[in-house]
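In: Turn this into a structure:
(4 chains)
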There are 2 protein chains.
Amino acid sequence: MSGLRARQKADRHRRIIEAAAELFREAGYEGAKIEAIAAQAEVSVGTIYNYYQNKGDILGAIVSLEVNEVLNAGQGVVARPPANVGDALDTLIGIYIEHSLHYLSKEMWRQAMAISTQLPDSPFGQAYTGLDRSLTEQIRALIARLQALGLVRQDIDGAALGELIFNNMNMMFIEFVKRDAARIPELRAAIRRQNRILVAAIAV
Amino acid sequence: MSGLRARQKADRHRRIIEAAAELFREAGYEGAKIEAIAAQAEVSVGTIYNYYQNKGDILGAIVSLEVNEVLNAGQGVVARPPANVGDALDTLIGIYIEHSLHYLSKEMWRQAMAISTQLPDSPFGQAYTGLDRSLTEQIRALIARLQALGLVRQDIDGAALGELIFNNMNMMFIEFVKRDAARIPELRAAIRRQNRILVAAIAV
DNA sequence: TTCTAAAATTGAGTCAATTCTGTTTTTATG
DNA sequence: CATAAAAACAGAATTGACTCAATTTTAGAA
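Out: Purely as a prediction, here's the structure:
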């Protein structure tokens, strides 16, 4: 028996997230008042705080949905990477970046990133750090795969390399969301240019 | 004539910054109430908002002092770098990191970083981006210097390399301030390990 | 069905950043 | 030295995130 209580709970969670996502998009993070989210979700302010510790955690739940989708999409590339180190990296990073603005606006990303540094121990802060780690791990997995395929030198420190690539990409992405005028193609080109140095060093 | 008004203004600026720096350290950023800062600086709340757009900008002014000091210290390394690519990078990065907690606690860094992503167009947001750019520029200058000294290959894309090194270091520093337990020696060791890959690729 | 304890919801109240408006101080001018 | 305009100040009022005590709803036993 799934229980009335459990069903109502799941339903309220969903309604809150949907209401918040809509209002965040429409009015921006700051502009979306908790009272408005509560009204739209047809619950009270108190209930929202029963489900989420603070406003940031609501945004956090939305971000997690997005990043998990991206991680999923990335698995395909790791499993069957292009037969060229530069292209393999570019393809994986391309998936991350192209998906990134699907559900989240730049403003929402800015807020999410800010909260994750501001409150690293909050539920969302920890979740965000975990997501970053998963992305780093996936890049590392790609490198290991390329090593197995004989496309990357065996003596390369895969862990350090994965961190280096992720950190650079992430920082570039942060700068990207900070400037509303910045465009995806330029971002990808800049990262390709940076990675070229690495590719030259690690390719067999 | 320096004008009474101008002198009073400078004096109030100074008093506000000093009061804020003290209270941020003692009580943390959130714990330092604007009313308390105003009282300690012997001005009214309204006056503080006449001088700074928001609480974050007060912190911003303190951060700028710190980073400018670091940039200054870095110039010495660029002028006379160790005669080895790995050591040269490590020395410059070491200066940045070792200075970093001199005036600012990790909590203050977290807040500063958060604000700079949250409000990239605020006075502080723009200043912070400018500081990042200056640091990147200094790393680039070091690379150019090493190229001139014949220690780094001439065909290396110095601009892209500088960004790569800065972005990685900066991201590592962000993770460092997010974990109170993290220690400086481990941070430096991790960055050295990551840079080793690059050094191998670019050293003559 | 009825009752009770546990779980969840509610919304008025609290707290602190920011805004606003009337007052005071400084400067420039005759 | 008087005075009006400009600049800066003060602190009360506003706003919005978050809390908490009272109330309602649910699950399960009798």
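In: what does stretch A:89-109 contact?
Out: A:21, A:24-25, A:28-29, A:59, A:62-63, A:65-66, A:69-70, A:73-74, A:77-78, A:81-82, A:112, A:135, A:138-139, A:142, A:165, A:169, A:173, A:176-177, A:180, A:184, A:187-188, A:191-192, A:195, A:199 (C-beta atoms under 8 Å, 6 or more residues apart in numbering or on different chains). Using the backbone N, CA and C atoms, a C-beta is placed for each residue, glycine as well.
In: Can you get me the start-to-end distance on it?
Out: Length of stretch A:89-109, first residue to last, C-alpha to C-alpha, to the nearest Å: 23 Å.
In: what's around the residue nearest to A:Ile62 when sequence neighbours are not counted, how many residues?
Out: Excluding its sequence neighbours, the residue lying closest to A:Ile62 (C-beta to C-beta, 6 or more residues apart in numbering or on different chains) is A:Ala21, at 5.5 Å. Neighbourhood size, A:Ala21 [other C-beta atoms under 10 Å in any protein chain shown]: 20.
In: which secondary structure element contains A:Ala21?
Out: Assigned by DSSP states H and E, A:Ala21 falls within helix A:4-27.
In: If you count contacts, what does that helix end up packed against?
Out: Using 3 or more C-beta pairs under 8 Å, 6 or more residues apart in numbering or on different chains; DSSP states H and E as the contact test, the elements touching helix A:4-27 are helix A:34-41, helix A:45-51, helix A:55-79.
In: give me that answer again for 6 Å
Out: helix A:34-41, helix A:55-79 (3 or more C-beta pairs under 6 Å, 6 or more residues apart in numbering or on different chains; DSSP states H and E).
In: Need those in JSON lines (columns: mean neighbour count and mean pLDDT).
Out: Putting the helices and strands packed on helix A:4-27 into JSON lines (neighbours: other C-beta atoms under 10 Å in any protein chain shown; pLDDT from 0 to 100) gives the following:
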{"stretch": "helix A:34-41", "mean neighbour count": "17", "mean pLDDT": "97"}
{"stretch": "helix A:55-79", "mean neighbour count": "18", "mean pLDDT": "95"}
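In: Redo these as a markdown table? Include distance to B:Leu119.
Out: As requested, those are arranged in a markdown table below (distance: least, C-beta to C-beta, whole Å):
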| stretch | distance to B:Leu119 |
| --- | --- |
| helix A:34-41 | 20 |
| helix A:55-79 | 15 |
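In: Which one of those lies nearest to DNA strand C?
Out: Across those, DNA strand C has its closest neighbour in helix A:34-41 (7.6 Å, C-beta to the nearest atom of the strand).
In: That closest one near DNA strand D at all?
Out: Yes. Legend: contact between helix A:34-41 and DNA strand D by C-beta under 7 Å from any atom of the strand is shown at A:34-35.
In: name the helices or strands packed onto that helix?
Out: Judged by 3+ C-beta pairs under 6 Å, 6+ apart, helix A:34-41 is in contact with helix A:4-27, helix A:45-51.
In: Can you flag the weakest of the ones you listed by average pLDDT?
Out: Note on these: lowest mean pLDDT is at helix A:4-27, with a mean of 92.
In: List the buried residues of that one.
Out: Along helix A:4-27, these residues count as buried under the neighbour rule (16 or more other C-beta atoms under 10 Å in any protein chain shown): A:12, A:16-17, A:19-21, A:23-25.
In: Ok, stretch A:95-108 next?
Out: Neighbour counts over stretch A:95-108 (16+ other C-beta under 10 Å) mark A:95-97, A:99-100, A:104, A:106-108 as buried.
In: Narrow these to those in helices?
Out: Applying DSSP state H to the buried residues of stretch A:95-108, the entries found in helices are A:95-97, A:99-100, A:106-108.
In: I'd like to know the predicted local confidence at the residue in chain A positioned nearest to chain B, please.
Out: Taking C-beta to the nearest C-beta, chain B has its nearest neighbour within chain A at A:Ala201, 3.0 Å off. You'll see A:Ala201 listed with a pLDDT of 91.
In: Give me the secondary structure label for it.
Out: Under the three-state scheme (DSSP: H, G, I helix; E, B strand; the rest coil), A:Ala201 adopts helix.
In: Could you double-check that it lies in contact with B:Ala201?
Out: Yes. Using C-beta atoms under 6 Å, A:Ala201 is in contact with B:Ala201, at 3.0 Å.
In: With DNA strand D in mind, check whether stretch A:110-123 reaches it.
Out: No. Judged by C-beta under 7 Å from any atom of the strand, stretch A:110-123 stays clear of DNA strand D, getting no closer than 9.1 Å.
In: Would that stretch count as contacting DNA strand C?
Out: No. Using C-beta under 7 Å from any atom of the strand, stretch A:110-123 never reaches DNA strand C; the gap is at least 13.0 Å.
In: Which residues of chain A lie near chain B?
Out: Residues of chain A found near chain B (C-beta under 6 Å from any C-beta of the partner chain) are A:110, A:113-114, A:117-118, A:120, A:160-161, A:163-164, A:167-168, A:170-171, A:178, A:193-194, A:197, A:201.
In: So among those, which ones count as buried?
Out: Here the buried ones among those, as counted with 16+ other C-beta under 10 Å, turn out to be A:110, A:113-114, A:117-118, A:120, A:160-161, A:163-164, A:167-168, A:170-171, A:178, A:194, A:197, A:201.
In: How far off centre is stretch A:60-72?
Out: How far stretch A:60-72 lies from its chain's middle: 6 Å, per C-alpha atoms, centre = their mean, to the nearest Å.
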